[in-house]
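> After the sequence you'll find the predicted model.
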Amino acid sequence: MRLDLTDLRLFVHVHAAGTITGGAAQSHMTLASASERIRAMEDSLGTPLLLRAARGVQPTPAGRSLLHHARQVLLQIDHLQADLGAYGAGLQGQVRVLCNTSALSEHLPQVLARFLAAQPGISVDLEERPSEDIAHALREDLCDIGLLSNAADLAGLVVHPLRDDPLVLVVPRGHAWAGRDGIGLAEVAGAPLVGMAEHSAIHAHLAQHARRLGKRLAYRVRLRSFEAVCRLVGQGIGVGIVPRAVAQRCARAAGVQRVALTDAFAARALVLALRDETALAPAARLFVQHLLATAETANANH
């Protein structure tokens with residue numbers, strides 16, 4: 001049996017992507033080269049490692065065993081590089097982060113910029129996902145760190161609270177709902193909505209809760225930023241649902257007022273979640289420390 005680090009990284013990437021094509025792209029190699037390497041691994045081990053289907057691949061029992069050991073080996077390599085890097089150019093590594101829409105647009109940009117400026121040897125692979133998907137990915141070890149809503153199923157994960165992050169309704173100034181203390185999604189579903197793009201995590205989150213109420217949200221337009229949502233709401237195009245921090249920041253410039261959402265899912269908080277804190281590579285551990293220190297400072301100032 002002859003496996004090298006390139007083989008191991010490729011196999012981990014294929015599992016994370018769900019396809020050999022995606023794994024090849026993450027490994028910066030051609031599909032033909034990746035397929036040949038996987039076939040060579042299977043020939044060397046004398047057993048299939050992947051179940052191939054039209055919609056992707058899944059590891060066989062032998063593949064799951066290889067995946068477990070590959071992650072352990074690559075984690076040790078990360079530790080080795082970090083230890084040796086302390087004597088050279090500094091800490092090296094990549095941190096895999098999944099976050100929900102609110103974290104990506106409202107809370108991460110400045111925090112991430114400060115971290116990357118202070119750690120030039122570390123890169124961050126950042127992707128937006130719905131909170132439930134993030135929790136599942138953490139359990140499957142498909143990412144290092146998750147920034148998600150505490151409304152998701154967090155069982156089995158290590159969780160650190162970051163900040164309150166409730167969702168609110170924004171309406172134009174003078175709207176009939178502007179003076180109300182609260183409103184439910186079931187009633188909002190009957191109004192024309194200005195929302196985020198269909199592929200966004202918050203769109204999937206709201207659609208899921210609307211379906212549970214037997215409702216379907218009616219969008220007039222979908223946009224790529226919460227700020228754009230607030231601007232169009234302020235111009236009377238419809239109403240929107242955004243994080244409270246966005247509504248507060250955009251209220252004057254966009255001409256919107258906020259109304260509390262009374263549904264339980266809206267009273268959420270942003271949390272940092274991990275599968276196993278002790279198994280984090282040095283770069284990921286440093287990023288976690290930075291996130292928690294920043295959150296502690298922000299909460300103290302409030």
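Sure thing, it's come through. Residues are numbered from 1 along each chain as shown.

> So what's the residue count around residue 131?
For residue 131, the neighbour count with other Cβ atoms under 10 Å is 30. Every C-beta, even on glycine, is put in place using the N, C-alpha and C of the backbone.

> From what I see, residue 9 and residue 28 are in contact.
No: counting by Cβ atoms under 8 Å, residue 28 is not a contact partner of residue 9; they are 9.9 Å apart.

> what does stretch 133-146 contact?
15-16, 71, 95-100, 127, 129, 147-148, 152-154, 156-157, 201, 272-275, 280-281, 284, 287-288, 291 (Cβ atoms under 8 Å, 6 or more residues apart in numbering).

> Flag every buried residue along it.
133-139, 141-146 (16 or more other Cβ atoms under 10 Å).

> Provide the contact partners of the top helix by length along the chain at residue level.
When the chain is parsed with DSSP state H, its longest helix is helix 61-85. When contacts are defined by Cβ under 8 Å, 6+ apart, helix 61-85 is touched by residues 5, 8-9, 11-12, 15, 41, 45, 47-50, 59, 91-93, 121, 141, 279, 281-283.

> Quick check: PyMOL command selecting the buried ones in those residues.
Buried residues within the contacts of helix 61-85, by 16+ other Cβ under 10 Å, are selected in PyMOL with:
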select buried, resi 8+9+11+12+15+41+49+50+59+91+92+93+141+281+282+283
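
> In helices, which of the contacts of helix 61-85 fall?
Those of the contacts of helix 61-85 lying in helices (DSSP H): 5, 8, 9, 11, 12, 15, 41, 45, 282, 283.

> Domain map for the protein?
Here the domain parsing of the chain from automatic domain parsing is 5-85, 93-155+277-301, 167-266.

> Dump the ones you listed to JSON lines, plus distance to residue 161.
Compiled in JSON lines, those are given as follows (distance: least, Cβ to Cβ, whole Å):
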{"stretch": "domain 5-85", "distance to residue 161": "27"}
{"stretch": "domain 93-155+277-301", "distance to residue 161": "7"}
{"stretch": "domain 167-266", "distance to residue 161": "16"}
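
> Make a markdown table out of those domains and add mean pLDDT.
Formatted as a markdown table, the domains of the chain follow (pLDDT from 0 to 100):
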| stretch | mean pLDDT |
| --- | --- |
| domain 5-85 | 88 |
| domain 93-155+277-301 | 91 |
| domain 167-266 | 95 |
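
> Can you give me the distance of residue 10 to residue 236?
For residue 10, the distance to residue 236 equals 53 Å [Cβ to Cβ, to the nearest Å].

> Looking at those two, which is more packed in?
Legend: neighbour count by other Cβ under 10 Å for residue 10 and residue 236, higher for residue 10 (24 against 13).

> Let me see the contact set for the more buried one.
Taking Cβ under 8 Å, 6+ apart as the contact definition, residue 10 lies against 23, 24, 27, 29, 34, 37, 38.

> ok, now residue 203?
By Cβ under 8 Å, 6+ apart, residue 203 lies in contact with 195, 196, 197, 222.

> Secondary structure element holding the first one?
This points to residue 195. Assigned by DSSP states H and E, residue 195 belongs to strand 193-196.
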